[in-house]
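> Pasting the sequence and the predicted coordinates here, then a few questions.
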Amino acid sequence: MTSNSRVMHVITGLGAGGAESMLSALALAKAKDGAAPIVVSLTPVAREGGSNAARLAEGGVPVHDLGMRGPWSGLLGLFALAGLIRRLAPDVVQGWMYHANLAASAAVALSGTGRRTNVYWGIRCSDMDLADYGLMLRIMVRLGAWGSGWPDAIVANSAAGLGVHRALGYAPRRFLLIDNGVDTDRFQPDAADDADVRSELGLSVDDFVIAVAARHDPMKDYPTLLAALDRIPSARVVVMGAGTQEKLPESPQLRVLGRRDDVPRVLRAADVLASSSAYGEGFSNAIAEAMATGLPVVATDVGDARRIVGDAGRIVAPRNPEALAAALRAVMDMPDRAALGVTARRRMVDLFSLDRALEKFDILHRQGPDATALDPDLDALPDGS
C-alpha cells in the first residue's frame, strides 16, 4: 500500500441506489484530489444526465461498462474485467455488492496479478428477505459466504449488515465497518426552497408534508406506508424514487415524482421523512440525507436506522401501519418539530458526514485493513440473531 494507491471499484450496476451513490461520491472526491480511480460496472449503465455514470464521466472518472446480461456475456465480461486489471494494474480492487464482490475476486485470480492486488468486498445490506428476489441472488449470497476468506477484508456499511453476514457464515480475514456518509454541504436546510417547491407541487404552506425517498422495491414496503397514510388523511406526501410513478396508485394525498436529481430541494419542502422498509437496509442514505437537510425522521427498526436517527425522530416496528401512522402523527403534533430537525442535522455533521466516510476508505486503500483507525468494536455489534 502506498499514499497514491490506484483503486478500481467494481459494482453490479450504476443505477439509483445507496451503494451506487456512495461509490460515485468516493470516486469523484478522489479524482478531485488528483487520484485516478477506475469504475467498472458489470451490467449496462444508463448515461443520461443526472445518472451516476454521467456524474462520474463529468468528474473525469472513467467508467468501464462490461455489458453483462446473462451467463454467456457474464463469462465474457469476467475475462474482460481480468484484462482490465492486468492492463490498468490497480493496487486495490474494491467490490460493491454480492455479484461484484465475487467477480472482483475471480477476475483478480484470472488476471495473474496475485497478491500484488488487494481485494476488498463491500456488504451494503442487512437481513434480506431473499424469497422476494431471484434464485441468482440467493446463490450469490451463499457463494459469498463460502468464498468470504478470499478478499483481504470485507467492508460493511452498517453494524446490522456486519452482524447479519457473520451469522450467515461470512468469515473474512478482517471485517470492517465504514458507515455511509452524507454530503452535508449539498444536503442542508434552505428555507427559500420551501415555499417555491410547495407551490410547484400544489401544496399549501400550512400542509403537513411527509417526504418519502425510496425506489419501488419489495424491501421498501410501500403497502405498509400507504396503509399508514390512510390513517393520516390530512397529511400530504411527496414521493421520490425510481419506479414509483409506474407502480403507485393515484391519490389526491400523494405527489409521486419518480426519480429526481433535485432531492435536497424537494426535501426542504417537507416537515418529516418517512421510511417504511421491511428488511434489508444497511445504512439508509435516504434517512441520512433527510436529517442533514434538517428533517426529523420516522423510520422502521431495520438495519442501522435506530443508530442513525438517535434522538432526532421516532423508530417503530416494521410492517406495522398503525405504529408508523401514530409516530407520524406524534411528529405532526409536536410544537418543537423545528428543534428536532436541528438535532437531526447536528447528528449528521458530527457522526455521519461524507468526509468521515471518505477518510476511512482512504485509510483502508492506502494503509490496508490492519490500520488501527479502522477497527470496529466487534463485541458491541449485533450478531444477526
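The structure has been received and is ready for your questions.

> quick one: the strands in this structure?
In the chain, the strands defined using DSSP state E lie at 7-11, 38-41, 63-65, 92-96, 118-123, 153-156, 175-177, 209-213, 236-240, 254-258, 272-275, 297-300, 313-316.

> So which other helices or strands are in contact with the longest one?
Contact analysis of strand 118-123 by 3 or more C-beta pairs under 8 Å, 6 or more residues apart in numbering; DSSP states H and E lists strand 92-96, helix 98-111, strand 153-156, helix 159-167 as its packing neighbours. For every residue, glycine as well, the C-beta is placed using N, CA and C.

> contacting residues around the shortest one?
The one in question is strand 153-156. Outside strand 153-156, the residues within contact range by C-beta atoms under 8 Å, 6 or more residues apart in numbering are 94, 120-123, 148, 162, 165, 170, 172-178, 282, 364, 369.

> Now stretch 21-33: buried residues?
Neighbour-count burial for stretch 21-33 flags 21-31 (criterion: 16 or more other C-beta atoms under 10 Å).

> Residue 321: which of these is nearest?
residue 21 (28.8 Å; C-beta to C-beta).

> Apart from its neighbours in sequence, what residue is nearest that closest one?
Take residue 21 and drop its neighbours on the chain: the residue closest to it by C-beta to C-beta, 6 or more residues apart in numbering is residue 285, 6.1 Å away.

> Neighbours of that neighbour, how many?
24 (other C-beta atoms under 10 Å).

> Could you verify my assumption that it touches residue 20?
No - contact between residue 285 and residue 20 fails when scored by C-beta atoms under 8 Å: they sit 9.9 Å apart.

> what's the most buried one of the helices and strands packed on strand 118-123?
For the helices and strands packed on strand 118-123, the stretch with the most neighbours on average is strand 92-96, a mean of 27; neighbours defined as mean count of other C-beta atoms under 10 Å.

> CA atoms of it as PDB?
Extracted as PDB, the C-alpha positions of strand 92-96 are listed here (Å, rounded to 0.1, in the frame of the first residue of the first chain):
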ATOM      1  CA  VAL A  92      -6.700  -2.200  -4.900                       C
ATOM      2  CA  VAL A  93      -9.900  -3.700  -6.300                       C
ATOM      3  CA  GLN A  94     -12.900  -2.700  -4.200                       C
ATOM      4  CA  GLY A  95     -16.100  -4.700  -4.700                       C
ATOM      5  CA  TRP A  96     -19.600  -3.300  -4.100                       C
END
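
> What is it packed up against?
In this structure, strand 92-96 packs against strand 7-11, helix 18-32, helix 98-111, strand 118-123, with contacts taken as 3+ C-beta pairs under 8 Å, 6+ apart.
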